[in-house]
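S.K.: Mind looking at a prediction? Sequence and model below.
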Amino acid sequence: MSTKLKFSATGRSPFFATLRERVDAYFAGKALSPHANGAMWAKAVFFLAGYVLLYALLISGQFGVWPMLGFAIGLGVFAACIGFNVSHDALHGAFSAIPWVNKWLGNTFYLLGANPYVWKITHNVVHHTYTNIPGHDEDIEVAPGLVRLSTEEPLRPWHRYQHLYTFPLYTLASLSWVFRKDYVKFFKRQIGQHKPAAHPRREYINLFMGKALYYLFFLVLPYLLLDVAWWQVLIGFMGMQLAEGLVLGLVFQLAHVVEGTSFPLPHESGTMQDAWAIHQLRTTANFAPRSRLAAFVCGGLNRQIEHHLFPKVCHIHYPALTAIVRNTAREFNLPYLENRSFWTAIASHFRVLHTMGRPA
């Protein structure tokens, strides 16, 4: 496989040029900024304040072990929501037109135990460019060798049961991120087929300092300040991580690994069949697009099509863009993949796992 991929120029201008023109006209006609509005700032404050409150209640030592376990699980859910609603937009430069605001809000990623610098490479650069391309997009990999998502991967006997064991694996996503993923990605010579430039020295400091502070706040301080045994601290920490991992894992997989999404390969020349924007339509799906709850909790990631086409537009605007994107795609006879609800998306993902676990 060629390591230098190119997207076809065929059809690039008509579809995406038309779509961009219509989206730009929407913002101009409404006199709106594509960045955060008051509702978006309110969401950010809600999730950040909730996270701080839950941690304060947990570390206060004024509650029994069961309420503290509940606070820990709630922390995991709020951490995932901060990642979806605050960090993700900021790291894409979509939250604000002011770079330093995006930088500071992007640093909320440390609250998840994750590194924003590594994320910008693996997600912003690699995933958004090479979406669902086997051997290039590592974001879709759950557990290489253990979970098969593409016909290009070898079929193993245990894959027959992957529709049963993959969902529990998602609960480990956050644990992997906190203790393994960032370190591995940071020190890899290449991610997928992308070779990052040499990391600045400050990013080495940020990586290890960010991780150390996370371990301090969520493992060391609870043990020192609370009247609980070390194993109870670990149970609370695991409850937090498993809840966070399940939310993170499910939301990201439901956007790219459902029925209808493709895993295209380049030609021998290294050229993809479609233009980049059309490639995004074929590899990405929305779920629960009419659900206000999904939009509020998932930070617009339930409208992944709009996000992939316009990653620098704040997700608070995606509901208004949905009709524009859908109608333009249909006008050009292009796919626009949707699952009507969260549960239909879950069922579709389950069927993909089941199908990929068996011979064609």
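M.R.: Cool, got the structure.
S.K.: hey, let's count contacts and neighbours off CA atoms from now on
M.R.: OK.
S.K.: tell me the contacts of residue 310?
M.R.: Listed by C-alpha atoms under 8 Å, 6 or more residues apart in numbering, residue 310 has no contact partners.
S.K.: residues making contact with stretch 233-248?
M.R.: 68-69, 72-80, 167-168, 170-175, 218-219, 222-223.
S.K.: Same question for that stretch: list its buried residues.
M.R.: Across stretch 233-248, burial judged by 16 or more other C-alpha atoms under 10 Å covers 233, 236-248.
S.K.: cool, and stretch 199-209?
M.R.: For stretch 199-209, by 16+ other C-alpha under 10 Å, it's residue 207.
S.K.: Over to stretch 29-40?
M.R.: Using 16+ other C-alpha under 10 Å as the test for burial, stretch 29-40 gives 34-36, 40.
S.K.: Likewise for stretch 171-188?
M.R.: Quick answer for stretch 171-188 (16+ other C-alpha under 10 Å): 171-175, 177-178, 181-183, 186.
S.K.: between those, which is nearest residue 291?
M.R.: Nearest to residue 291 among the buried residues of stretch 171-188, counting by C-alpha to C-alpha, is residue 171 at 24.0 Å.
S.K.: show me what contacts residue 139?
M.R.: Neighbouring residues of residue 139 by C-alpha under 8 Å, 6+ apart: 122-123, 127.
S.K.: Which among these count as buried?
M.R.: Buried among the contacts of residue 139 by 16+ other C-alpha under 10 Å: 122-123, 127.
S.K.: Kindly check the end-to-end length of stretch 144-158 for me.
M.R.: With C-alpha to C-alpha, to the nearest Å as the measure, stretch 144-158 spans 13 Å from end to end.
S.K.: Likewise for stretch 307-317?
M.R.: Start-to-end, stretch 307-317 (C-alpha to C-alpha) is 10 Å.
S.K.: what do you get for stretch 304-324?
M.R.: Rule used - C-alpha to C-alpha; the end-to-end distance of stretch 304-324 is 14 Å.
S.K.: Next: stretch 212-232.
M.R.: Start-to-end, stretch 212-232 (C-alpha to C-alpha) is 21 Å.
S.K.: With residue 62 as the reference, measure out to residue 304.
M.R.: 42 Å.
S.K.: Look at the two and report which has more neighbours.
M.R.: When residue 304 and residue 62 are compared on other C-alpha atoms under 10 Å, the one with more neighbours turns out to be residue 304, at 26 against 12.
S.K.: The closest residue to that one other than its chain neighbours: neighbouring residues, count only.
M.R.: Closest residue to residue 304 apart from its sequence neighbours, by C-alpha to C-alpha, 6 or more residues apart in numbering: residue 286 at 5.5 Å. Residues contacting residue 286 under the criterion other C-alpha under 10 Å number 26.
S.K.: And for the one 5 residues further on?
M.R.: A count of neighbours around residue 291, defined by other C-alpha under 10 Å, yields 13.
S.K.: residues contacting residue 178?
M.R.: Contacts for residue 178 were tallied using C-alpha under 8 Å, 6+ apart; they are 112-114, 211.
S.K.: what's the closest of those to residue 18?
M.R.: Checking the contacts of residue 178 one by one against residue 18 (C-alpha to C-alpha), the nearest turns out to be residue 114, at 37.3 Å.
S.K.: Hmm, the closest one is touching residue 177, no?
M.R.: Yes - counting by C-alpha atoms under 8 Å, residue 177 is a contact partner of residue 114 at 6.3 Å.
S.K.: which one among the buried residues of stretch 171-188 gets closest to residue 263?
M.R.: Checking these against residue 263 by C-alpha to C-alpha gives residue 173 as the nearest, at 22.0 Å.
S.K.: How about the secondary structure of the nearest residue to that closest one once chain neighbours are set aside?
M.R.: Leaving aside its sequence neighbours, residue 173 sits nearest to residue 245 (C-alpha to C-alpha, 6+ apart; 4.5 Å). Classification of residue 245 using DSSP: H, G, I helix; E, B strand; the rest coil returns helix.
S.K.: okay, the spatially most central residue of the chain: pLDDT?
M.R.: The C-alpha lying nearest the average C-alpha coordinate of the chain belongs to residue 252 (C-alpha atoms, centre = their mean; 4.9 Å). Listed pLDDT for residue 252 reads 88.
S.K.: Could you do residue 194 as well?
M.R.: Predicted confidence (pLDDT) for residue 194: 82.
S.K.: I'd like the distance between it and residue 245.
M.R.: 26 Å.
S.K.: repeat for residue 180
M.R.: Residue 180 sits at a distance of 14 Å from residue 245 (criterion: C-alpha to C-alpha).
S.K.: Thanks again, I'm all set now.
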